[in-house]
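A.B. asks: Pasting the sequence and the predicted model now:
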Amino acid sequence: MTRYVVDSWAWIEYLEGSLLGGKVRERLADNRNEIFTHVVSLAEIISKVRRREKDTDAAWSAIMTNSKIFALSEKESKDAGLLHAKMKSKHSNFGLADSFVLSAARKLGAKVLTGDPHFASVEEAVMLS
């Protein structure tokens, strides 16, 4: 079984039905995969969907149906903050939400499913292209 934490970038592609979103769909449909979404990503996705004036309920339902939500704890927040500081020293535009996703992937022994260029040099990333 392969575990994936699907980041906001990948979910948006999926929700838009793009070619790269089709690659996300393939991973979601494969029963050998275990799919997670970080709760911070969930907020980020809903915000983006709303700003694009799309259906937030449909986005919410798709994510909740197709993935398990990785929730926050105080410890995860601290770990993500430390990881963010480390990543920021190497990649000045590495976002805090990205740090939550990467930290969760490391805790779960998972890969980050993304196409976000911020993850291009991250070992755990599976880059969609």
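C.D. replies: Good, I have the coordinates. Just so we're clear, the structure is a prediction, and the values are computed from it rather than from any experiment.
A.B. asks: which residues sit against the least confident helix or strand in the chain by mean pLDDT?
C.D. replies: Using mean pLDDT, DSSP states H and E, the weakest-scoring helix or strand in the chain turns out to be helix 74-90, at a mean of 95. Helix 74-90 has contacts (Cβ atoms under 8 Å, 6 or more residues apart in numbering) with Phe94, Leu96, Asp98, Ser99, Phe100, Leu102, Ser103, Ala104, Lys107. No exception for glycine: its C-beta is placed from N, CA and C like everyone else's.
A.B. asks: run the last query once more with 7 Å
C.D. replies: Phe94, Leu96, Ser99, Phe100, Leu102, Ser103 (Cβ atoms under 7 Å, 6 or more residues apart in numbering).
A.B. asks: Now list the buried members of the residues you listed.
C.D. replies: The neighbour-count test (16 or more other Cβ atoms under 10 Å) marks Phe94, Ser99, Phe100, Leu102, Ser103 as buried among these.
A.B. asks: picking that back up, now, which of the contacts of helix 74-90 lie within strands?
C.D. replies: In strands, judged by DSSP state E, none of the contacts of helix 74-90 are found.
A.B. asks: which one among the residues you listed gets closest to Val39?
C.D. replies: Phe100 (8.2 Å; Cβ to Cβ).
A.B. asks: Many thanks, I have nothing further to ask.
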